[in-house]
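Participant: Fold the following for me, if possible:
(2 chains)
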Amino acid sequence: MRGPVLRYVRRSNFVEDLVDEWKPHHDQAMFALDVEEFIYECIDLGRLSTHAWQCFRELLFKDPNAPIIEELGNIMKQTLGKTLGTFRTVQNLVNEATQKGHSIKNADQLGVTIQETARILESVEHLFMQPDPKRIEESIAAFNRGECMPAEELLRAAQDGRFP
Amino acid sequence: MLRKMVVSPENSLAIGSFGLPRETLLDLLAHVYHSIPGAYASIHTPRMADTRLFRYRFVSTDHNGVGHLFLFGIDDTTSPEHLIIAQLQHRIV
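Facilitator: Residues are numbered from 1 along each chain as shown, chains lettered A, B, ... in the order given. Next up, the predicted model:
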């Protein structure tokens, strides 16, 4: 099940390298056409990130505490961050091309792809979120004051319709 | 002897604020009450940045096919007889 994630990682690196390699050597006359090529790449990469997330999500629902979730989740988190960086670089190129008076094909679709990728990144980041230190101290203080409720009691209250 | 799960008033309020479907709420609370203490020996290893806590995840799919992901930070160091839910976060995935 590592396949889809690793495929996504390799493709993300490829698109990042492609844009980095192009920047110092690009031909101004071909600027708009080159940007459109990058948009195609970004849209394909966005589809692949969605596919990798869907495969990862299946694993997550089978066993959310499995070691592979830690391993692949960290890889996904790092790669999605890099992917978004590349997408935003291309978005800036689109803005530059627009300011120069060019009409860029599929620019709207790039915006949708950025939003979707950001949403996936938020879901993956949620897996590794750290608790609020204030909430931890409040919880322990409440326990020491004898104010915590046994989970059994909370379950009974919910079953009886007294909670929430 | 199994440790007893306890929930602070703040975290009870948080659970109530998630707006969960009733079946998901009952699934979550039954899991908290029955499954986490029973599985404690095999799940307490991944420690969080605050090492008093271990990280635990639970997922539940409701009748509309919506996936709910719950992320727990559970304190197992303050009391040898209890597992204190220090924080519980929810996200639809």
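Participant: Identify the residue of chain B closest to chain A, quick one.
Facilitator: At 2.9 Å from chain A, B:G16 is the closest residue in chain B, using Cβ to the nearest Cβ. To be clear about C-beta, it is placed using only N, CA and C from the backbone, and glycine gets the same treatment.
Participant: So that residue: helix, strand or coil?
Facilitator: Following DSSP: H, G, I helix; E, B strand; the rest coil, we place B:G16 in the helix state.
Participant: That one: how many residues sit nearby?
Facilitator: 14 (other Cβ atoms under 10 Å in any protein chain shown).
Participant: so who does it touch?
Facilitator: A:163-164 (Cβ atoms under 8 Å, 6 or more residues apart in numbering or on different chains).
Participant: From A:Q28, how far off is it?
Facilitator: 59 Å (Cβ to Cβ, to the nearest Å).
Participant: B:R47 now?
Facilitator: 54 Å.
Participant: Now do the end-to-end distance for stretch B:63-70.
Facilitator: 17 Å (Cα to Cα, to the nearest Å).
Participant: what does that stretch contact?
Facilitator: Outside stretch B:63-70, the residues that reach it (Cβ under 8 Å, 6+ apart) are A:57, A:60-61, A:64, A:123, A:126-127, B:20-21, B:23-24, B:28, B:57-62, B:88-93.
Participant: can you pull out the strands in chain A?
Facilitator: A:149-150 (DSSP state E).
Participant: returning to what we had before: which of B:R47 and A:Q28 has more neighbours?
Facilitator: Neighbours per residue (other Cβ under 10 Å) separate B:R47 from A:Q28, with B:R47 holding more: 13 against 8.
Participant: Name the nearest residue to that one, sequence neighbours excluded.
Facilitator: Closest residue to B:R47 apart from its sequence neighbours, by Cβ to Cβ, 6 or more residues apart in numbering or on different chains: B:F54 at 5.6 Å.
Participant: Identify, by residue count, the longest strand of chain B.
Facilitator: Assigned via DSSP E, chain B shows its longest strand as strand B:82-92.
Participant: Apart from its chain neighbours, what residue comes closest to the one residue sitting closest to the centre of chain B?
Facilitator: With distances taken as Cα atoms, centre = their mean, the residue of chain B nearest its centroid is B:F72 (4.6 Å). Closest residue to B:F72 apart from its sequence neighbours, by Cβ to Cβ, 6+ apart: B:Y56 at 4.3 Å.
Participant: Could you verify that that neighbour is part of a strand?
Facilitator: Yes. If the criterion is three-state DSSP, then B:Y56 is within a strand.
Participant: count of neighbours near it?
Facilitator: So B:Y56, with other Cβ under 10 Å, has 25 neighbours.
Participant: what's near enough to touch A:K105?
Facilitator: Contacts of A:K105 (Cβ under 8 Å, 6+ apart): A:36, A:39.
Participant: Relative to A:I114, how far out is it?
Facilitator: For A:K105, the distance to A:I114 equals 16 Å [Cβ to Cβ].
Participant: Kindly report the same for A:G146.
Facilitator: From A:G146 to A:I114 the distance is 50 Å (Cβ to Cβ).
Participant: higher neighbour count, the two?
Facilitator: Using other Cβ under 10 Å, the more surrounded residue of A:G146 and A:I114 is A:I114, with 18 against 7.
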